[in-house]
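S.K.: need a 3D model of the sequence below.
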Amino acid sequence: MQEFPWGHSRRYNDFQSRFRIMFPDMKIQKISVDPGFTCPNRDGSKGKGGCTYCNNAAFTPYFSNKKRSVTEQIESGIRFFARKYPAMKYLAYFQSFSNTYGPLEDLKTVFEEALSFPGLTGLVIATRPDCVNDEILDYLADLAQKHYIMLELGIESHLDRTLVTINRCHTFADSQRAVEQAAGRKIHTSAHFILGLPGESRNDWLDQARFISQLPVENLKLHQLQIHKETVMAGYYMKNSGDFHLFSVDEYAGLVVNYLELLDPRITVERFTSQAPEGWLIAPDWGLKNHEFTARVEKLLTERDSWQGKARENIG
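M.R.: Down below sits the predicted model:
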């Protein structure tokens, strides 16, 4: 059986296998926690209305409720998962909005409350690349000496024109800077991108894989553009659906394979798709779970005898 540079036979450097290597004696589960932060493109400091595609309710589980304390949310999440997997360790996943957007003392309060919970191994902190500074990164680097700390940066696109269109209110240069500064401090990094944003082309998405490969990114999360209810983008889509290209399953699977072929094999890939809770999704409705789509990608990689980074190997 063929073994690839990442040390196993799967045709891409998947996050789960990497985590099993890092934590060989335990199963790790993320518990979503909402401490009540906001974003600078919501509160008026940079803009208002938030990202045009964003409705946090479409990806926040019921046990993550900012009206409850961090400890109460972790307890509720552990009760949910412990029924299936009693022998497990946990990461607190600060997922909603921008979780480094606030005074450092406030960040310390919520992060250290989470880390004090028994059985918690570390933190995954989702935020914007323009919401980290030297003071915050130095603090996270201190935590990373004793705990698993991952900074999950919402980059979304490498094209500044797209970032303007979706009201991100930051630039790709901000993202480059944040990734480099976090990686330089030995903080685990994850980059989040959306494929299919309006105004972008297939060539743009493949170029994106090349851009990411030039950064010291450790992990990557992709997902297809979805139109969620109660978003600015949903209102525009209902009036101007012709401006959107929403992928079919087969088209997106083919794009993901081509993207992987261009992606540096050192980067682990956490996911390719996102699922919205029932009732929130307008389009596209594939009727597939994430693992079912992943199986299609792996099947296509096998049929093409391809793997992550193959096109990079053939350059020159």
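
S.K.: and the strands in the stretch 101-250 of the chain?
M.R.: Along the stretch 101-250 of the chain, counting by DSSP state E, counting those that start in this stretch, strands occupy 120-127, 148-156, 188-195, 219-224, 227-228.

S.K.: so which of those strands is nearest Asn290?
M.R.: Asn290 lies closest, by CB to CB, to one member of these: strand 219-224, at 9.1 Å. For glycine as for every other residue, the C-beta is placed from the backbone atoms N, C-alpha and C.

S.K.: what packs against the closest one?
M.R.: Secondary-structure packing of strand 219-224 (3 or more CB pairs under 8 Å, 6 or more residues apart in numbering; DSSP states H and E): strand 188-195, helix 249-262, strand 268-271.

S.K.: reformat these as TSV; add mean pLDDT.
M.R.: Listed next are the helices and strands packed on strand 219-224 as TSV, based on pLDDT from 0 to 100:
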stretch	mean pLDDT
strand 188-195	97
helix 249-262	98
strand 268-271	96
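
S.K.: export those to CSV and append columns for distance to Cys131 and mean neighbour count.
M.R.: Listed next are those as CSV, based on distance: least, CB to CB, whole Å; neighbours: other CB atoms under 10 Å:
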stretch, distance to Cys131, mean neighbour count
strand 188-195, 14, 22
helix 249-262, 27, 20
strand 268-271, 21, 19
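
S.K.: now tabulate those in TSV and tack on distance to Asn55.
M.R.: As requested, the helices and strands packed on strand 219-224 are arranged in TSV below (distance: least, CB to CB, whole Å):
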stretch	distance to Asn55
strand 188-195	14
helix 249-262	21
strand 268-271	19
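
S.K.: closest one to Ala173 among those?
M.R.: Going by CB to CB, the one of the helices and strands packed on strand 219-224 nearest Ala173 is strand 188-195, 14.3 Å.

S.K.: and stretch 32-44, end to end?
M.R.: 26 Å (CA to CA, to the nearest Å).

S.K.: and it, what's buried?
M.R.: For stretch 32-44, burial by neighbour count (16 or more other CB atoms under 10 Å) applies to Ser32, Val33, Asp34, Pro35, Phe37, Cys39, Pro40, Asn41, Arg42.

S.K.: contacting residues around that stretch?
M.R.: Contacts with stretch 32-44, where a contact means CB atoms under 8 Å, 6 or more residues apart in numbering, come from 46-51, 60-61, 63-66, 70, 73-74, 77, 92-99, 101-102, 110, 114, 128, 130-131, 167-169.

S.K.: ok, which of the strands of the stretch 101-250 of the chain comes nearest Gly287?
M.R.: For the strands of the stretch 101-250 of the chain, proximity to Gly287 was assessed by CB to CB; strand 219-224 is nearest, at 13.5 Å.

S.K.: end-to-end on stretch 90-101?
M.R.: OK, stretch 90-101 end separation, CA to CA: 24 Å.

S.K.: buried ones in that stretch?
M.R.: Tyr90, Leu91, Ala92, Tyr93, Phe94, Gln95, Ser96, Phe97, Ser98, Asn99, Thr100, Tyr101.

S.K.: give me the below-cutoff pLDDT ranges for the chain.
M.R.: Within the chain, the stretches with pLDDT under 70 are 1, 58-66, 313-316.

S.K.: repeat that for 90
M.R.: 1-9, 16, 18-28, 55-68, 78-89, 119, 275-279, 312-316 (pLDDT under 90).

S.K.: what about the helices in it?
M.R.: Counting by DSSP state H, the segments of the chain that form helices are 15-22, 70-82, 104-115, 134-144, 160-165, 172-184, 202-213, 232-239, 249-262, 290-303, 310-313.

S.K.: let me know whether Ala209 touches Val269 as I believe.
M.R.: No - counting by CB atoms under 8 Å, Ala209 stays clear of Val269, with 10.8 Å between them.
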